[in-house]
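**Q** this is the structure alone, sequence omitted:
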């Protein structure tokens, strides 16, 4: 099942929500955990989004990526309903860090788009999307930004009543999706809090608004059926062309559970959690449309057990204000199952990531944070369709982020050095892979400033230089991958990827309005990506890793305006727009770049009854690279209504929502499977949530 973050509910707190189009009122004074020098969202000198509370509950989906798609600049890889990874400003894969409370997810989702992210959004207290100087704290891979999912598994505070209990149950009609989850904290002594949570999700094949295949592929399949006459290698081309209404092989089942404990004192907190994740999900079939093409319906059986630790100590000194420690480690495996339930390919990974941050005491206008981060991953793929050799990745990074705050004018600069060592260790029975080791030293830095024009209005400017070592997948891949139904070829001679960027930001807020806008430009050398070659290998389309120069630029703007206040209820209009333009120099448009998007809505907030209606328009994408296909645009209409059934108590809510009410056939250009697997059709969802 999808990386399927079940509705474990532990996560949806009634904290003020965020900087999304739609949701609870934005709060410029809310703290951004992922940007430790920014006391509030307004202080972040970069594009920043946060989602929590009712907004998180309403947009909750089985994957973290689909949960975030209404945030500015965020799209999703959409490899079916269960495997979807966030895309930020057109960047995906190894250029985006997806974190759990500051450390990695220890899955293999960046290895391939069919691998789910093992983070449960239903267990999230809030999700922060941060770009700019603060991203340097989390790794050189964060060129595109950081998605940080902050959960409650290691308690941060002592319950005032001695206990906390949260729960949520969801039903979604498009996939007959049923999910339930709960989390509880209990005070067992003056300073000790215990935590437990669990969730379960089950869904069937996804309902879609029309045919699975795009019209050109349907015509090709029908022509093949007429030419072949009888099924070729058991492939019925006419049946493939006729797939409509349901997306085969997209069912899922996922559960997870965790236990945690914290010691919380007046001078710090220390905690640990152990969790287990278990999922079985199918990925959409890349239907064959002509003789010679392969066609499989793989399912992935995923298991992960991880341990997390966190500590923060207030030193009270005049040099260091606080020492923060975070550690995570996990064992992960997934099996790609054949249609007869046999194991086709097995993926094994074990990893660890830790970080120590030293927060400096403030001296006049100066404060900062410095630290060290280390990570290790041992990864092995076993089976006839192993497209990677056994490999390991070791990294260690030193970072600092410093700030001078002169009141109206603020300067923030960061620097990071990271050393990465990647080894390929193929077995004797894997002659297609070469053994070897690559070492990289990556130096990144940024400097930014902001100026308060007048009360509530601030402008900012960032300059950055980023370097990224290639991933093991980009270096060492060479073989067929059933999950993506592609033959993937890496490039062992890849150089470091480098980028220089500039970003301008505008924040503005007042009693009745809130606005945030950013424009950016990134200039890459040694840019790495996968490109379709137009050839077949083992019946699969070949994707070759290559390197060159690239240019990315775009904008994001979102805002809201309060139209009226009726007692406790506010009537708010909101809108967002985002756009990315990406070009590979001397080649043409970069592949899989999301097109222009506009989203607008009207919402009733704050009262006992609340609701929202919105329209999302996605433009067509005809800036395509070789062997990529044009993607038509679409318009989705969504609406929801909710109620707090207990008077004067917003800790209980019922929400009824309708998504894609016009049942349109929608395809995301960023998806490798867009021509074979559209997004969900009409989906009626019911959500019940509580917090005690």
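**A** On my side now, so go ahead. None of the values given here were measured: they were computed from a predicted structure. Numbers count the residues shown, from 1 in each chain.
**Q** against which helices or strands is whichever strand or helix holds residue 515 packed?
**A** Assigned by DSSP states H and E, residue 515 belongs to strand 513-537. In terms of contacts (3 or more CB pairs under 8 Å, 6 or more residues apart in numbering; DSSP states H and E), strand 513-537 is packed against strand 486-489, strand 497-509, strand 540-566. (Each C-beta comes from the backbone N, C-alpha and C, glycine too.)
**Q** recalculate using a threshold of 7 Å.
**A** Applying 3 or more CB pairs under 7 Å, 6 or more residues apart in numbering; DSSP states H and E, we find strand 513-537 packed against strand 497-509, strand 540-566.
**Q** for the first one, buried residues please.
**A** This points to strand 497-509. Using 16 or more other CB atoms under 10 Å as the test for burial, strand 497-509 gives 497, 498, 499, 501, 503, 504, 505, 507, 508, 509.
**Q** identify the bridge partners of the last one.
**A** Pointing back at residue 509 there. Assessed by DSSP bridges, residue 509 has beta-bridge partners residue 514.
**Q** cool, the third one as well?
**A** Beta bridges link residue 499 to residue 466, residue 524, judged by DSSP bridges.
**Q** from residue 524, how far off is it?
**A** 5 Å (CB to CB, to the nearest Å).
**Q** quick one: common contacting residues for these two?
**A** Common contact partners of residue 499 and residue 524 (CB atoms under 7 Å, 6 or more residues apart in numbering): none.
**Q** and residue 93, its phi and psi?
**A** Main-chain dihedrals, residue 93, degrees, to the nearest 10: phi 60, psi -130.
**Q** that one against residue 111, yeah?
**A** No: using CB atoms under 7 Å as the test, residue 93 is too far from residue 111 to be in contact (8.8 Å).
**Q** which residues of the stretch 1-150 of the chain score low on pLDDT?
**A** Along the stretch 1-150 of the chain, segments meeting pLDDT under 70 span 1-30, 38-43, 132-133.
**Q** the residue nearest to the spatial centre of the chain pairs with what?
**A** Nearest to the mean C-alpha position of the chain, counting by CA atoms, centre = their mean, stands residue 86 at 3.1 Å. As for beta bridges, residue 86 partners with residue 76 under DSSP bridges.
**Q** gap between it and residue 668?
**A** Distance of residue 86 to residue 668, given as CB to CB: 12 Å.
**Q** which helix in the protein runs the most residues?
**A** Longest helix in the chain by number of residues, with DSSP state H as the criterion: helix 215-228.
**Q** how far out from the middle of the chain is stretch 584-592?
**A** 24 Å (CA atoms, centre = their mean, to the nearest Å).
**Q** what about the chain, any weak spots by pLDDT?
**A** The chain contains residues with pLDDT under 70 at 1-30, 38-43, 132-133, 229-233, 482-483.
**Q** helices of that one, start to end?
**A** With DSSP H, the ranges of helices along the chain come out as 53-59, 64-67, 215-228, 237-242, 472-476.
**Q** how distant is the last one from the center of its chain?
**A** A distance of 21 Å separates the C-alpha centroid of helix 472-476 from that of its chain, computed with CA atoms, centre = their mean.
**Q** next one: the longest one
**A** Using CA atoms, centre = their mean, the mean C-alpha position of helix 215-228 is found 36 Å from that of the whole chain.
**Q** could I get the buried residue list for that helix?
**A** For helix 215-228, a neighbour-count test (16+ other CB under 10 Å) marks 217, 218, 220, 221, 222, 224, 225, 228 as buried.
**Q** rewinding a little: so which of the helices of the chain gets nearest residue 280?
**A** Minimum separation from residue 280 across the helices of the chain (CB to CB) falls at helix 64-67, 18.7 Å.
**Q** which ones are touching residue 362?
**A** Residues near residue 362 by CB under 7 Å, 6+ apart: none.
**Q** quick check: it vs residue 408, distance?
**A** Remark: distance between residue 362 and residue 408 (CB to CB) = 18 Å.
**Q** what of residue 239?
**A** Applying CB to CB to residue 239 and residue 408 gives a distance of 67 Å.
**Q** can you check residue 656 too?
**A** Counting by CB to CB, the gap from residue 656 to residue 408 is 46 Å.
**Q** neighbour count: those two, which is higher?
**A** Between residue 656 and residue 408, counted using other CB atoms under 10 Å, residue 656 has the larger neighbour count: 14 against 11.
**Q** so what's the residue lying closest to residue 603 once chain neighbours are set aside bridging to?
**A** With CB to CB, 6 or more residues apart in numbering as the criterion, residue 603 has its nearest non-adjacent residue at 4.1 Å, and that residue is residue 612. Residues in a beta bridge with residue 612, per DSSP bridges, are residue 603, residue 640.
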